[in-house]
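*Asks:* Below: sequence and its predicted model.
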Amino acid sequence: MRRRSAIALEICEAVLIALVLATFAKTFVVQAYQIPSGSMEQNLLIGDHILVNKFIYGPSPSILEQALLPVRPIKRGDVVVFRFPEDPQRDFIKRCVGLPGDRVELVDKALVVNGRPVDDTSYTYRVDPRTYPSSRFLPEAQRFRDNFGPYSVPANGYFFLGDNRDNSNDSRAWQSVPNQLIRGRAFMIYWSFEPEEQANPSESEGGFQWSDLSVMFREIRWDRIFSIVR
């Protein structure tokens, strides 16, 4: 009996340690997210499942910590997950284009930071050839889409844009994101599944069919699995 009790205690201890480590990792190190919208197309697609490094933007690392630990400040070009400023219960993912103190503007769709044009052609995706002027007679979403600013990023904030520049709810609408809402940096797609546009016919027939399995495999984006977010 004593031996069985000891084995049971060891199992409970192992499970408890695993739970503690998993909770610690999720809270401080890495977490999984699913891409729910097309605002980061074509780099991140609806149905991509990504891993986010929550450790990299550690709080105020010293010079020694920066040398010994994989931590650093946010850089322009980082793809970052953060809490939505207007609803902190929701997570957003965008690309950082403006750091604290930067002066950001868009001139006829072209991104300009601190007076210098930014070559963002390698990651920016556009779906609308039209260019809207900055006119008060246009709806707000259109008025600021292609011509915005200049806007000075506050000392404790960051300016984010979606890669799908013509179809993104981002800092053009709600300006900067304070540092305390930053969650981490997206670094890998670990799974990608193309969402179904309509229900599978077999669902209406009330049961699983082997054809469902073949459809599922066809909808997996194999070429995106384990790809690095850039």
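*Replies:* Done, it's in. Residues are numbered from 1 along each chain as shown.
*Asks:* Counting neighbours, what do you get for residue 136?
*Replies:* When neighbours are counted by other C-beta atoms under 10 Å, residue 136 registers 6. (Each C-beta comes from the backbone N, C-alpha and C, glycine too.)
*Asks:* Return the residues in contact with it.
*Replies:* The contact partners of residue 136, by C-beta atoms under 8 Å, 6 or more residues apart in numbering, come to residue 143.
*Asks:* pLDDT score for it?
*Replies:* With respect to pLDDT, residue 136 scores 78.
*Asks:* Let me know whether residue 36 touches residue 46 as I believe.
*Replies:* Yes - at 6.8 Å, residue 36 and residue 46 qualify as touching, with contact defined as C-beta atoms under 8 Å.
*Asks:* so which helix or strand takes in residue 141?
*Replies:* helix 140-143 (DSSP states H and E).
*Asks:* What is the least confident helix or strand in the chain?
*Replies:* When the helices and strands of the chain are scored by mean pLDDT, DSSP states H and E, helix 201-204 comes last with a mean of 43.
*Asks:* give me the beta-bridge partners of the residue positioned nearest the centre of the chain?
*Replies:* Nearest residue to the geometric centre of the chain (C-alpha atoms, centre = their mean): residue 93, 2.8 Å. Beta-bridge pairing for residue 93 (DSSP bridges): residue 81.
*Asks:* mean confidence for the helix or strand hosting residue 190?
*Replies:* Element membership of residue 190, judged by DSSP H and E, is strand 182-192. Across strand 182-192, pLDDT averages out at 93.
*Asks:* Can you name every helix or strand that it contacts?
*Replies:* Counting contacts by 3 or more C-beta pairs under 8 Å, 6 or more residues apart in numbering; DSSP states H and E, strand 182-192 packs against strand 30-34, strand 48-53, strand 79-84, strand 227-228.
*Asks:* what do you get if the cut-off is 10 Å, keeping everything else the same?
*Replies:* strand 30-34, strand 48-53, strand 79-84, strand 87-98, strand 227-228 (3 or more C-beta pairs under 10 Å, 6 or more residues apart in numbering; DSSP states H and E).
*Asks:* quick one, which of those strands is nearest to residue 219?
*Replies:* Between residue 219 and these, the tightest spacing by C-beta to C-beta is seen for strand 48-53, at 12.8 Å.
*Asks:* Please save the CA atoms from the closest one in PDB.
*Replies:* Output of strand 48-53 as PDB, limited to C-alpha atoms (Å, rounded to 0.1, in the frame of the first residue of the first chain):
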ATOM      1  CA  ASP A  48      -3.000  30.600 -39.600                       C
ATOM      2  CA  HIS A  49      -2.100  29.500 -36.100                       C
ATOM      3  CA  ILE A  50       1.000  31.300 -34.800                       C
ATOM      4  CA  LEU A  51       3.400  31.200 -31.800                       C
ATOM      5  CA  VAL A  52       4.100  34.400 -30.000                       C
ATOM      6  CA  ASN A  53       7.300  35.100 -28.100                       C
END
